[in-house]
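Visitor: what's the 3D shape of this:
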Amino acid sequence: MKQQRYGDWIKTFTSKQFFPLDPHLEDIDIIDIAHALGNICRFTGHCKEFFSVAQHSILASHYAETLVEKQQALLHDASEAYLSDVSRPLKRCIEFTEYKKFEKTLQDMIFTKFGLPTIILPSIKIIDNRLLYTEGRDLMNGTNDWHDEYNTIPYDVQIIPVSNTESKEWFLKTFNELFQESNVKQ
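Guide: Okay, the predicted model is just below:
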């Protein structure tokens, strides 16, 4: 008899039935994560050109120092592969409290699946905010006034977006490089 699951499901790239409100470890697939994050545009699509969450995650891993930081940075937005990317202003609303609980449960499960601590390391939040400012500077029209809110400086690089296909392949390559030492089962 098939187990009853909570909520409805989505069909993933690898043809799994994924229940975002009732995720199971065995349903999480790095190929689904890479594919979906490669197709999701940062800034709810309001940047000058397509820039994927996958590329953002790859860049975050490059700025991290230790192996665990690099691994966690690469996967810090992985829940978005199944829940989509919700802008920070919405996530900050009280009405999104339940969403944030589902997001946290799923993100913790993804970290667990790949052998990572479920508490986001403080360095990842710093990297994420610096990237937000860097991406805003390079990919948005007009001036970037997020600097004041996050009290940070951008990285000293120019971000050049790659295609969704390139970001997916780059994400999987980075994942394999970072996790081969850990012997994590995909």
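
Visitor: need the contact list for Thr105.
Guide: The contact partners of Thr105, by CB atoms under 8 Å, 6 or more residues apart in numbering, come to Pro23. Placement of C-beta: from N, CA and C, glycine included.

Visitor: Tell me if it really is in a helix.
Guide: Yes. Thr105: assigned to a helix according to DSSP: H, G, I helix; E, B strand; the rest coil.

Visitor: going forward can the numbers begin at 723, since that is how I track them
Guide: With 723 as the first residue, the last one maps to Thr827.

Visitor: Next one: it relative to Phe893, how far apart?
Guide: Using CB to CB, to the nearest Å, one gets 23 Å for the distance from Thr827 to Phe893.

Visitor: what does Ile755 give?
Guide: For Ile755 relative to Phe893 (CB to CB), the value is 8 Å.

Visitor: okay, the two: which has more neighbours?
Guide: Of the pair Ile755 and Phe893, Ile755 is the one with more neighbours under other CB atoms under 10 Å, namely 30 against 27.

Visitor: So what's the residue count around Gln777?
Guide: Gln777 has 25 nearby residues by other CB under 10 Å.

Visitor: which helices and strands sit right next to whichever strand or helix holds it?
Guide: Per DSSP states H and E: Gln777 is located in helix 775-785. Judged by 3 or more CB pairs under 8 Å, 6 or more residues apart in numbering; DSSP states H and E, helix 775-785 is in contact with helix 752-761, helix 789-797, helix 844-861, helix 886-901.

Visitor: mean pLDDT lowest for which of those helices?
Guide: Sorting the helices and strands packed on helix 775-785 by mean pLDDT places helix 844-861 lowest, at a mean of 92.

Visitor: May I see the buried residues of that one?
Guide: 845-846, 849-861 (16 or more other CB atoms under 10 Å).

Visitor: Over to stretch 769-784?
Guide: Result for stretch 769-784 [16+ other CB under 10 Å]: buried residues 769, 772-783.

Visitor: closest to Asp799 among the buried residues of helix 844-861?
Guide: Lowest distance from Asp799 to the buried residues of helix 844-861 (CB to CB) belongs to Asp850, with 8.4 Å.
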